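Participant: Next comes the sequence, and after it the predicted model I'd like to discuss.
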Amino acid sequence: MFESLSNRLNKVFKDLRGHGILSEENISEAMREVRLALLEADVNFKVTKEFVSTVAERAVGQEVLASLSPGQQVVKIVHEELVALLGGQAELLKLSGQQPVVIMMVGLQGSGKTTTAAKLARLLKGKGRRPYLVPADVYRPAAIEQLRVLGDSIEVDVFASSPDQDPVVICQQALAEGQRRNLDTLIIDTAGRLHVDVELMAELQRIKESLQPAEILFVADAMTGQDAVSVADKFNQDLEISGVVLTKMEGDARAGAALSIKKITQRPIKYVGLGEGLDALEVFHPDRVASRILGMGDVLTLIEKAEAVVDKEEADKLARKIRKNAFTLEDFRDQIQQIKKMGSLEQIMGMIPGIGRLKQLKDMPKPDESELVRTEAIINSMTLKERRNHRIINASRRQRIAGGSGTAVQDVNRVLKSYTQMLKMMKKFQGGSGIVGGKKRRRLPKGLSRR
């Protein structure tokens, strides 16, 4: 989502190189470009004006630190101000107090409330909580059924409501049922409208007064930019929301909503939705997002994603296989599947420091998601023997594998070549060329042992 803004800002910082001291003149010129970049990204103009003013004030007259170039000094200042603009630090849900804790999901129709409610339930369940989903949208056709289906898919209980019930009564009955069943978190999917209206707000206020929720999360579609910010402000004035969930952050929309909403509403972004899958909901970390915007990557999130999909026992088992030179095509396929679970290749690459600058190169190839799918299909088309011993795959077998996977023989050859190159690399790391632990082993005279 931040790619366009990131590219513009990195160009500004690149142009600052070569200056010995950050003068008012070159800072003014750089801030003019930063202001344009933010406005093009659909950031609120008042937020932009204040941000640029603060950065300029901090940057003018500062001597460049011995270890930093002028451009890096400005990057440091911009990074710190971006973190502050985005909220400073991650804000978690308030889940203490009387059980079950009530979380209201509010927002306009089409913002992704229902799916986000299920995503949040899955996330909390993974942390050991016992969530209960409550369908309180009695107006949108099939909204109740949609939440029930989503609840079934993540194995979370869903309150049995019906379209002819009053939403407040649904919530009251669900609260009583949750208490009876000793569930600790009530997640209410409320109704939305195409736009804010008095009737909608009155209903949400009645639910709020009746259940006294610990959290009221406004769900906003990040693709709508400043519209999302103004609607969030209206909901906050009427309901006093406790936080924001930005959905569709994986899209190519401008970054205006993410960079403006905290400043305008004085309410933190708590979660972001990064895809349609029910596992695609993440805690919002302002410092990590600021690093991504400035092309610094996000190693911490990358590590967390890896830890979430990699089973420790399986990892240990794989390490033993690698040590014994027993890494098969089956293992190769399993690694591809784990990479796919971490998110899109674009997202993963965006978290690697320095990749942002490489992506600006004209001849830099874009990550091809279909290549992973193709590779997986080719390996799945092999027999068990072929997957465990690639050396038996001759010309006729390659033709059969290509036909079974709907690919060409050249694609099969490419997969096998990638696999064998990986084996060679693993042997080098293992000391296959006489190198162990990074040091070359000295050969002993013939007849002598190391014992």
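Facilitator: Right, received. Where do you want to start? Numbers count the residues shown, from 1 in each chain.

Participant: only C-alpha atoms for contact and neighbour calcs from this point on.
Facilitator: Fine.

Participant: can you give me the strands for the protein?
Facilitator: In the chain, the segments counted as strands under DSSP state E are 101-106, 131-135, 185-189, 215-221, 243-247, 269-273, 281-283, 435-436, 439-440.

Participant: most tightly surrounded among those strands?
Facilitator: Using mean count of other Cα atoms under 10 Å, the stretch among the strands of the chain with the greatest mean number of neighbours is strand 131-135 (a mean of 28).

Participant: wait, which of the strands of the chain is closest to residue 317?
Facilitator: Closest of the strands of the chain to residue 317 is strand 435-436, at 20.8 Å (criterion: Cα to Cα).

Participant: Now distance to residue 167 and mean pLDDT too, for the strands of the chain, in JSON lines please.
Facilitator: As requested, the strands of the chain are exported to JSON lines (distance: least, Cα to Cα, whole Å; pLDDT from 0 to 100):
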{"stretch": "strand 101-106", "distance to residue 167": "12", "mean pLDDT": "95"}
{"stretch": "strand 131-135", "distance to residue 167": "9", "mean pLDDT": "95"}
{"stretch": "strand 185-189", "distance to residue 167": "10", "mean pLDDT": "95"}
{"stretch": "strand 215-221", "distance to residue 167": "16", "mean pLDDT": "93"}
{"stretch": "strand 243-247", "distance to residue 167": "22", "mean pLDDT": "92"}
{"stretch": "strand 269-273", "distance to residue 167": "25", "mean pLDDT": "92"}
{"stretch": "strand 281-283", "distance to residue 167": "26", "mean pLDDT": "89"}
{"stretch": "strand 435-436", "distance to residue 167": "68", "mean pLDDT": "34"}
{"stretch": "strand 439-440", "distance to residue 167": "70", "mean pLDDT": "41"}
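
Participant: For residue 32, which of the ones you listed is the nearest?
Facilitator: strand 269-273 (27.7 Å).

Participant: what's the angle from that closest one to strand 215-221?
Facilitator: Orientation check (axes from the mean of the first three to the mean of the last three Cα atoms, to 10 degrees): strand 269-273 against strand 215-221 gives 50 degrees.

Participant: Numbering from 33 from now on, please.
Facilitator: Let's use 33 as the start, then, which means that last one is strand 301-305.

Participant: Hey, what's the angle from strand 301-305 to strand 275-279? Just curious.
Facilitator: Compare the direction of strand 301-305 with that of strand 275-279 by the same axes, to 10 degrees and you get 20 degrees.

Participant: Kindly reformat the strands of the chain as a markdown table containing distance to residue 80.
Facilitator: Output for those, formatted as a markdown table (distance: least, Cα to Cα, whole Å):
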| stretch | distance to residue 80 |
| --- | --- |
| strand 133-138 | 28 |
| strand 163-167 | 39 |
| strand 217-221 | 34 |
| strand 247-253 | 21 |
| strand 275-279 | 20 |
| strand 301-305 | 18 |
| strand 313-315 | 25 |
| strand 467-468 | 55 |
| strand 471-472 | 54 |
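
Participant: So which of the ones you listed is nearest residue 197?
Facilitator: Taking Cα to Cα, strand 163-167 is the member of the strands of the chain nearest to residue 197, at 10.9 Å.

Participant: Can I get that closest one in CSV, CA atoms only?
Facilitator: The C-alpha coordinates for strand 163-167 follow below in CSV (Å, rounded to 0.1, in the frame of the first residue of the first chain):
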residue,chain,number,x,y,z
PRO,A,163,-14.5,-16.0,21.8
TYR,A,164,-18.2,-15.9,20.9
LEU,A,165,-19.4,-14.4,17.7
VAL,A,166,-22.7,-12.5,17.7
PRO,A,167,-24.5,-11.7,14.4
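
Participant: how far out from the middle of the chain is that strand?
Facilitator: 24 Å (Cα atoms, centre = their mean, to the nearest Å).

Participant: what angle do that strand and strand 217-221 make?
Facilitator: If you take the same axes, to 10 degrees, strand 163-167 sits at 20 degrees to strand 217-221.

Participant: which residues make contact with strand 163-167 from outside it?
Facilitator: 149-150, 153, 156-157, 175-176, 179, 183, 188-193, 202-203, 206, 210, 215-222 (Cα atoms under 8 Å, 6 or more residues apart in numbering).
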